Structures are given as structure tokens and as C-alpha cells.
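> Here you go, sequence then predicted model.
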Amino acid sequence: MMMTACDDGRRRVYESGDKGESWTEALGTLSRVWGNKHTGPVKGVGSGFTTATIDNRDVMLVTLPVYAKNGEENGKGKLHLWLTDNTHIVDIGPVSDDDDVTASSLLYKSTGSGDKKEELIALYEKKKGVEKDTSHGMVTVRLTAQLKRVKEVLETWEKVDDIVSKLCPSGSTEKSASPDGACRIAMPTKGLVGLLSGNFSGNTWRDEYLGVNATVKVNGGGATKATKASDGVKFAGAWAEWPVGAQGENQLYHFANYNFTLAATVSIDGEPKGNIPLMGVRLDGEGDKKLMELSYNNEKKWILLCAGGPMSKEYSSDWRPETKRHVVILLRNGSQGTAYVDGQRVGGDAQCQLGNTNSKVISHFYIGGDGEKTRSQGDVSVTVTNVLLYHRSLDEAVIRVLKPNKISTSRTLVAGAKGEGTARPGRAHGDGSTDCGSGLLPLLLLLGLWVFAAL
């Protein structure tokens, strides 16, 4: 595995399965998640990373700087520790003060016989002054508290995966004879990155996997509001935004620009007077153009909007007020969009062709409404529960049985989590930062990774 700091401002991650003969960009998982440099004349900071097996789970730990969002430009950022299992990503927290860090490295040590034998150490280089030719110093930090937090996050991921797997899909309502009453067909957790359920307060809808939280927004005036519901949120003129590119420098859901599946259970309280957007995707840039959107109207039709074009994909359904429906939108290969309602594809077999999206960047997902003041929903409210986000496009055969039973997640979920990882095992560690534009891979880096991987 190699991380490169590229001229486009993103850090790219490459994987090799043949000892470096060929490299493939990990676009669907870690690549382009982290920013390369802060705004202004600040050069990229060398990253440190190590792979490890912690509590029987293969993970990767990364150190990268995080810069303040208050607009102050001092060219410095605090070095943070990040945890990933190649599916979920969590910012564990800072490992440095306001030092001017130029490079970092990580070392994880374990004898496999108890917590007291585990050690996580960060080594980073910092400038000693502000002059151009200033000298550098080395700092070593023992990350005991951070390692404890890593274990807490891993435990949360496992708990949430277990809870999601018990949201039995339709067609699998009958429990098995096993003591834990597991579903005969389990809800898929492979590639499951985020879950929005009953953890809502203020204007924050918290991701149960401790990744990216959604923000609930309300248009000014009137009685518009959002209130907590069982395993979700009830929107009355409000909506939620789940950021992708809108996260800024570090974009944990960057994969959504290529492949994703967004699934939820929705119900409408009242008769729609017009078109009600239920969930969709907005692009970044001028006008905040919509990439795709699933909505329901007063003619009892489900409508899929494709790339801001005409609403040509429809599916008729007699939907009584407060009836729960399971809805899905997905993107495949960055160019094909599809929507499903209770396993039925909106628009039949025709694909929603989105064209060339290479130059387009997703800003955020919107849920429960689209945020446009021009849309009036009257007294109609929308309740959205158990929103699932995958970093892959699920197969249609899976989606057809994806409608979950009503099983409360709120009673057992702790503040965040998620699971299932594919990070490569081993002890490889080192700094993988190189200049993307040069086209050259540092020989010492590759040799170092191979040597440590063999230990």
C-alpha cells in the first residue's frame, strides 16, 4: 500500500498485490479522502501509517495534519491519528500541539498477550523556527490514550454491524432457530460505511459508525421543524444534509463520486400537494445542481430525477399516508443512477444515464427534503429512519430483499460505530508521501514497506 501527496490537493492511495509490479488506485475506499495541503503556500506534510491487527481486526493507522476551520491562516495544523479498516474512517484525535510538523511516522508493537504489551508510538519532525532554512527537531509521543480510543471505536463498529445484520430484509421475517434469533437472510454489512438512526439532537444527526454526521437544516419562518422519531427524524419543512465534498479538506465519503448505495425507510404524513423530494445528491459548484433525486408527488408517482434533466423515470404506487416504504438510490461507475421503491426499480429497466461525471464533484446527500425555499409541502411531513450508506452499488437481487423489518436500533446503539474491514494484515509501516506529478516511486519507500511486511 502506498499514499501519495498529489498536486491536485488530494492524497491518493494505491494498492499492489504483486510486490509492487503494478499499482491500482483505491478509489472506492481510501484514495482522495485526505487533503494534501492547507490553503496558501503550505507544502504537504509527510504522512505516517502502519497496519496492525488490534482486537482481532485488521486496521490501518494514519497520522496526518488537520487544519483549523476558523479561517485563521498560520500555516500550521495539529497532527491527528486516523483509524480505518478500509471501509470505515474515524478521526481519533490530535497527537501533537501546534508544532509546525513536516513529516511523521507510526510504530505499533504487540506481543499478542494483553493490553499491557501493546504500544503505539508516533514520531514526527517539526521546524524549530520560522526562517526558510531553519533546522528541524524530532518528537516522540507514546499514544496510550489514543490506542484506548481505537479499541473503543472498534468495539462500537462491531456492535453496530451486529445490530444492522438483525434488521431482517423482507422475505426473511421468519427468525431462525438459533438462540440469538438471527435472520435467515441478514442485512448486508459489507461496504456499509454510515448509519443514521435514532441519535438526533439539536441540528445534528449522528452517524452511528462515528464517521460523518449529518446536519439538519430548517428554512426560516413558519412552523418548519425537525423532531426526533423512532430510529430517525421527522421532517416538516426541514431536511438533512450528509456531506461528501462539503466536508472540506478531508472527505471521508469521497467514494460517493464513483459508487454508492443510499437506502432508507420513509413515510409521508398527509396527502402531497405537489412534488416532495425524499432524498438525492447535489453537486458542488455554482447553482448546486442536482445529480439525482427520488421524489413522490400528488399523482401517486415516484419520480427519479437524472442530472437535473426532465423527470422521465416514474413508478406508480398507491401510497397511503404513514405507510412505510423502503427506498434506495445508487450510483454505479460514476455514470449510472438507479432508484428502487420496495425492491421495484423506478423507471423500469431503463438506466438513469448521468453522462461523464469526471469533472463533477458531489457536495452532499440531502434527506427528507431538498432545501429549496420555493418548494412548499404544506402540512405534509416526512419521516426518515435507518439511513444506510454503502461505498459500493448493491446488486439488484440484494436490493429486492432489502426492506427491513421494524426492529429498533436505538435501544442498543452507542454514540456511533461500524464494522467489516478489509485492510491488509501485517506490520508494514512508513511514510508513503510522494509527489504524484513526478511519476516516480521512491525506492526506499517500497523497499521499506516490503521489509517491514516480511517481519
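Now that the structure is in, tell me what you want to look at.
> domains for this protein, by residue range?
When the chain is parsed into structural domains using automatic domain parsing, the resulting residue ranges are 2-152+422-453, 184-399.
> and the first one, average pLDDT?
Right, the one you point to is domain 2-152+422-453. For domain 2-152+422-453, mean pLDDT is 75.
> same thing with stretch 244-255?
Average pLDDT, stretch 244-255: 94.
> same deal with stretch 385-398?
If you average the pLDDT values across stretch 385-398, you get 94.
> For that stretch, measure first residue to last.
This stretch, stretch 385-398, spans 20 Å end to end (Cα to Cα, to the nearest Å).
> most centrally placed residue in this structure?
With the centre of the chain defined as its mean C-alpha position, the nearest residue by Cα atoms, centre = their mean is Tyr253, 3.7 Å away.
> which residue sits closest to that one in space, ignoring its chain neighbours?
In space, not counting the residues next to it along the chain, Tyr253 is nearest to Val244; the distance is 4.6 Å by Cβ to Cβ, 6 or more residues apart in numbering. The way it works is simple: take the backbone N, C-alpha and C, and place the C-beta from them, glycine included.
> give the contact list for that neighbour.
For Val244, the set of contacting residues under the criterion of Cβ atoms under 8 Å, 6 or more residues apart in numbering consists of Gln251, Tyr253, His254, Ala256, Asn257, Val361, Ile362, Ser363, His364, Phe365.
> Go ahead and confirm Lys300 touches Thr323.
No - counting by Cβ atoms under 8 Å, Thr323 is not a contact partner of Lys300; they are 11.7 Å apart.
> Run a quick neighbour tally on Leu123.
Neighbour count for Leu123, taken as other Cβ atoms under 10 Å: 15.
> Could you look up the SS state of it?
Classification of Leu123 by DSSP: H, G, I helix; E, B strand; the rest coil places it in strand.
> thought it was touching Ser96?
No - under the contact definition of Cβ under 8 Å, Leu123 does not touch Ser96, with a separation of 11.0 Å.
> Report the set of residues contacting both of these two.
Common neighbours of Leu123 and Ser96 (criterion: Cβ under 8 Å, 6+ apart): Val139, Val141.
> circling back: quick check: the residue nearest to Tyr253 vs Leu283, distance?
10 Å (Cβ to Cβ, to the nearest Å).
> Likewise for Gly9?
Separation of Gly9 from Leu283 (Cβ to Cβ) stands at 18 Å.
> Buried residues in the longest helix seen in the chain, which are they?
Of all the segments assigned as helix in the chain under DSSP state H, the longest by residue count is helix 144-165. The neighbour-count criterion (16 or more other Cβ atoms under 10 Å) identifies 146-147, 149-150, 153-154, 156-165 as the buried residues of helix 144-165.
> can you pull the contacts of Thr323?
When contacts are counted by Cβ under 8 Å, 6+ apart, Thr323 touches Ser267.
> Where do the strands of the stretch 51-200 of the chain begin and end?
Using DSSP state E, counting those that start in this stretch, the strands of the stretch 51-200 of the chain run over residues 57-66, 78-84, 89-94, 101-109, 119-127, 136-142, 192-201.
> picking up where we left off before, have a look at Gly9 and Leu283 and say which one is more surrounded.
Set side by side, Gly9 and Leu283 show more neighbours around Leu283, with 22 against 14, by other Cβ under 10 Å.
> Now do the contacts for the more buried one.
Under the criterion of Cβ under 8 Å, 6+ apart, the neighbours of Leu283 are Lys289, Lys290, Leu291, Lys360, Val361, Ile362, Ser363.
> mind showing which ranges of the stretch 251-400 of the chain have poor pLDDT?
Applying pLDDT under 70 to the stretch 251-400 of the chain flags residues 286-288, 308-318, 350, 355-359, 373-378.
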